[in-house]
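>>> Fold the following for me, if possible:
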Amino acid sequence: QGNMAFSGKYEFESDENYDDFVKKIGLPSDKVEMGRNCKIVTEVVQNGNNFTWTQHFPGGRTMTNSFTIDKEADMETMGGKKFKATVKMEDGKIVADFPNYHHTAEICGGKLVEISVCAGVVYKRTSKRIA
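So this is what the prediction gives:
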């Protein structure tokens with residue numbers, strides 16, 4: 001593989017099923033409001049199978065998950081819960097199981113497309129490349 005396809009900075013463009021999804025995963029209401037139509041900038045640094053995935057929230061808060069494909073890593077959910085996950089690469093997609101949802105990320109037409117699934121609710125977030 002060795003492609004650097006993910007590296008870059010992406011700004012939130014659109015999402016689908018946000019409210020249903022965050023209710024399903026039990027996100028506290030203050031975080032729900034903070035995340036709605038939030039211009040999150042996702043910065044991805046990919047070095048082979050090593051990734052640093054940082055989300056920059058308006059107001060200066062950041063959240064970073066660093067992981068290596070096929071190795072267990074310490075991660076954090078958007079609600080701030082810490083957990084361990086083994087991130088995989090399947091057909092060019094990054095795939096991870098969070099405590100209560102399944103998450104994939106891929107580059108599609110130059111955009112970062114992230115899909116999270118929880119109990120049948122599919123949350124899709126699309127971000128456009130800005131750097």
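>>> so is the residue positioned nearest the centre of the chain in a helix, a strand, or just coil?
For the chain, residue 114 is the residue whose C-alpha lies nearest the centre (Cα atoms, centre = their mean; 6.0 Å). When classified by DSSP: H, G, I helix; E, B strand; the rest coil, residue 114 comes out as strand.
>>> can you give me the helices for the protein?
Assignment of helices within the chain using DSSP state H yields the ranges 18-24, 29-35.
>>> I'd say residue 43 and residue 9 touch.
Yes - counting by Cβ atoms under 8 Å, residue 43 does reach residue 9; the two are 4.9 Å apart. The way it works is simple: take the backbone N, C-alpha and C, and place the C-beta from them, glycine included.
>>> where does the protein have low pLDDT?
The chain contains residues with pLDDT under 70 at 1-4, 37, 78.
>>> how about the strands of the chain, start to end?
With DSSP state E as the criterion, the chain has strands at 8-16, 41-47, 50-56, 62-68, 72-76, 82-86, 88-90, 93-98, 101-108, 111-118, 121-129.
>>> and residue 88, which of the helices of the chain is closest to it?
The closest of those to residue 88 is helix 18-24. By Cβ to Cβ, the value is 21.6 Å.
>>> For the closest one, buried residues please.
18, 21-22, 24 (16 or more other Cβ atoms under 10 Å).
>>> quick check, nearest of those to residue 128?
residue 18 (17.4 Å).
>>> got a list of what the closest residue to residue 20 other than its chain neighbours touches?
Sequence neighbours aside, residue 121 is the residue nearest to residue 20 in space, at 4.8 Å (criterion: Cβ to Cβ, 6 or more residues apart in numbering). Taking Cβ atoms under 8 Å, 6 or more residues apart in numbering as the criterion, residue 121 is in contact with 17, 20-21, 24.
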